[in-house]
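In: coordinates only, sequence not included:
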């Protein structure tokens, strides 16, 4: 049931994100955003409670919340080249630095709008993605770690004490993990295909120092679909967030674990993403005053990407409880392993 009198939902996207051109045949193509621009226009004009927010560019001090000055200068310098390879997968053009500033700034715009209670929640549909970017290194199509910057920004600008980041992209968010590995003020939870790129995200990677126990990795074998993912949410993700009681939830929403995605070997459907979103929306209402923001990461089959994002947008306008009844027997040993590793922390 859609709730018509609830605060509206914010969307950020723009045609400027088409200008980042990593080259022909690159999977992180402008067409990913083109299909979502069309979707955003449709839902914003539907009268169903969505607004498109204006963009702003991130400024240097915002990037420096998670990145070194020298690295920022390096990415800025790529504006002088038609193409520049920061690594084998991460290619820029003359517009890429400016586009990346808009991607970060767009996410911060959504966070500001939700923090002000102008909107119930938000979805930022931008590119390039960010969760692989390390403090001083680009990798995995990512220039700046947008979700990590967002978490630090919430702490600085909105006095957030505890932020939970849930990363359901098929690839482990190594950059996000690294940013908060020793920090208990950010809980990082990742579900990802393993072993797979970037090779990190084993179950025993749990954080260090004061942050030990605040990194929760659920590495999954290839072939997992809705049943396995929903079992992980029911047994691991939801209980961890319940215990943590965050002020904010941020979601690195990659859709490359979809069954049709060409870059991985998982089998999640649009409905599966919808139920995962439901669970996180319910947790946000319970613990964070509803404060939750979704951020696009991966997803490389255009139809699967559009349909999955549309499903999450629909769930953002609902107050129905999440249903996590799923048969996870296939991955029960992995879930037990994760729970055993973390039982001493919780």
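Out: Happy to help now that I have it. Just so it is clear, the structure is predicted and the values come from calculations on it, not from any experiment.

In: where does the spatially closest residue to residue 91 that is not a sequence neighbour land in three-state SS?
Out: Leaving out its chain neighbours, the residue that sits closest to residue 91 by CB to CB, 6 or more residues apart in numbering is residue 22, at 4.0 Å. Any C-beta I mention is one placed from the backbone N, CA and C, and that applies to glycine too. Three-state secondary structure (criterion: DSSP: H, G, I helix; E, B strand; the rest coil) places residue 22 in coil.

In: ok, so what distance separates residue 22 from residue 32?
Out: Remark: distance between residue 22 and residue 32 (CB to CB, to the nearest Å) = 11 Å.

In: Tell me the first helix or strand C-terminal of the helix of greatest length in the chain.
Out: The single longest helix within the chain, with elements called by DSSP state H, is helix 96-115. Moving toward the C-terminus from helix 96-115, the next helix or strand (DSSP states H and E) is strand 121-124.

In: Check which element follows that following strand along the chain.
Out: Using DSSP H and E, the helix or strand that follows strand 121-124 in sequence is helix 146-157.

In: got the contact list for that next one?
Out: For helix 146-157, the external contacting residues (CB atoms under 8 Å, 6 or more residues apart in numbering) are 58, 62-63, 65-67, 103-104, 107-108, 111-112, 115, 124, 126, 129-131, 133, 160-161, 163, 165, 167, 173, 175-176, 179-180, 185-186, 247-248, 250, 252, 293, 295.

In: Now do that helix, average pLDDT.
Out: Averaged across helix 146-157, pLDDT comes to 99.

In: Check which residues of it are buried.
Out: Residues 146-155 are the ones in helix 146-157 that count as buried (16 or more other CB atoms under 10 Å).

In: Distance of the residue lying farthest from the centre of the chain relative to residue 268?
Out: Residue farthest from the centre of the chain, counting by CA atoms, centre = their mean, is residue 80 at 29.7 Å. Applying CB to CB, the value for residue 80 to residue 268 is 40 Å.

In: do residue 209 as well
Out: Residue 209 is 34 Å from residue 268, where distance means CB to CB.

In: Settle it for me: which of those two has more neighbours?
Out: The neighbour comparison of residue 209 against residue 268 (other CB atoms under 10 Å) goes to residue 268, with 29 against 9.

In: Give the helix, strand or coil label for residue 252.
Out: Going by three-state DSSP: residue 252 is strand.

In: So it versus residue 29, what's the distance?
Out: To residue 29, residue 252 is 20 Å away according to CB to CB.

In: cool, and residue 282?
Out: 34 Å.

In: ok, which stretches of the stretch 201-346 of the chain are strands?
Out: Along the stretch 201-346 of the chain, counting by DSSP state E, counting those that start in this stretch, strands occupy 215-220, 248-253, 292-296.

In: quick one, helices of this protein?
Out: 30-44, 60-63, 69-77, 96-115, 146-157, 174-179, 226-232, 238-244, 270-287, 302-316, 332-342.

In: Now the first one: buried residues?
Out: Right, helix 30-44. Buried positions in helix 30-44, judged by neighbour count with 16+ other CB under 10 Å: 30, 32-33, 35-37, 39-40, 43-44.

In: what's the closest of the residues you listed to residue 319?
Out: Nearest to residue 319, judged by CB to CB, of those is residue 43 at 17.9 Å.

In: Identify the residue nearest the geometric centre of this structure.
Out: Centroid-nearest residue in the chain, with CA atoms, centre = their mean: residue 252, separated by 0.8 Å.

In: Name the nearest residue to that one, ignoring sequence neighbours.
Out: With sequence-adjacent residues excluded and distances taken as CB to CB, 6+ apart, residue 252 is closest to residue 167, at 3.9 Å.

In: Kindly state the beta-bridge partners for the one you found.
Out: Counting by DSSP bridges, residue 167 is bridged to residue 190, residue 252.

In: got a list of what it touches?
Out: Residues in contact with residue 167 (CB under 8 Å, 6+ apart) are 131, 147, 173, 176, 188-192, 251-252, 254, 297.
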